[in-house]
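**Student:** model the following, please.
(chains A, B, C and D)
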There are 2 protein chains.
Amino acid sequence: MNIGDVSRKSGLPAKTIRYYEDIGLVTPPRSENGYRAFRETELHKLAFLGRARELGFTIEDCRTLLALYEDDGRESSQVKRVAQDHLHKIDEKIGQLQSMRGTLAHLIDECAGDHRPDCPILEDLAGEQS
Amino acid sequence: MNIGDVSRKSGLPAKTIRYYEDIGLVTPPRSENGYRAFRETELHKLAFLGRARELGFTIEDCRTLLALYEDDGRESSQVKRVAQDHLHKIDEKIGQLQSMRGTLAHLIDECAGDHRPDCPILEDLAGEQS
DNA sequence: ATGGGGTTTCCAGTCGCTGGAAGGTCAACA
DNA sequence: TGTTGACCTTCCAGCGACTGGAAACCCCAT
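**Tutor:** Next up is the predicted model:
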């Protein structure tokens, strides 16, 4: 399989696949013309990576997860820890965003949004107490 | 005021303040020794920027908001539109994160997290149907 | 004159790609 | 056989919003 086929099958852009090779996540052999010659195992790994990235794991997490996946001697607790750490970070981000959202929605609500210049949003940003 | 004072008063790192000058968000004059000499107006702008960044506005949004803040002829509808667009993006991000969170929490819940290698998390990433 | 704490500029790195340029390869068709 | 056109290759640069570090300058107190 050439990179285009793998791209179509995995859903990852060819650029991304080359990048994953650059950073050592996959190591497809080359055919005589210099093209990357992907086997099923690389396709499988790339699909794994695509799914892990969809769940928001960092590239380093992906590297760890891939290594665990290929390690028959792994303990599921190792995987669970990585996932739990990640969940924790997601929760933090959601918290931050919801806090922003709260403030912002409140300010928007108070803003007339008309032709006049008075604006509680700007006043808040400028640190004026309403 | 030197950059250190402004950094303390605004809560922004000196590096960030220099960066904001680089990209034209503030333009403090210089004293004879070459040091940035901040006035109240720059401090005020920086505090504004810090607050806008806390609410997650992009630097470009900040530029726009600052311009509107200084424009007496603005209409609050212009400000509101920027804020609403931003709110919309925040909601999208929260949605994505909550979707990740849902899948991830479910997988974590199913994983024994013990010494055995069997792991629903890895199975899911590998695309195996449970 | 020396020390320490400020400040300056500039360059490089972060993360995870993505775009683009310049060129090599291959299969099909005239 | 020539020539498209689609594919592939490498390499370099850029995104956003900083952040770290190096080398040098400035100022004040001892």
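**Student:** give me every residue in chain A lying close to DNA strand C.
**Tutor:** Residues of chain A lying close to DNA strand C (CB under 7 Å from any atom of the strand) are A:13, A:15, A:16, A:18, A:19, A:32, A:33, A:34, A:53, A:58, A:59, A:60. For every residue, glycine as well, the C-beta is placed using N, CA and C.
**Student:** those also near DNA strand D: which ones?
**Tutor:** Okay, of the residues of chain A next to DNA strand C touching DNA strand D (CB under 7 Å from any atom of the strand), that's A:18, A:34.
**Student:** among the residues of chain A next to DNA strand C, name the buried ones.
**Tutor:** Those of those that meet the buried threshold are A:16, A:53, by 16 or more other CB atoms under 10 Å in any protein chain shown.
**Student:** all the helices of chain A, residue numbers only.
**Tutor:** For chain A, applying DSSP state H gives helices covering A:3-10, A:14-22, A:40-54, A:59-70, A:76-110, A:120-125.
**Student:** let me know which of those is tucked in deepest.
**Tutor:** helix A:120-125 (a mean of 22; mean count of other CB atoms under 10 Å in any protein chain shown).
**Student:** ok, is it in contact with chain B or not?
**Tutor:** Yes. Using CB under 8 Å from any CB of the partner chain, helix A:120-125 reaches chain B at A:121, A:122, A:124, A:125.
**Student:** need the contact list for the residue nearest to the spatial centre of chain A.
**Tutor:** Residue closest to the average C-alpha location in chain A (CA atoms, centre = their mean): residue A:56, at 3.7 Å. Applying CB atoms under 8 Å, 6 or more residues apart in numbering or on different chains to residue A:56 gives the contacts A:86, A:90, B:97, B:100, B:104.
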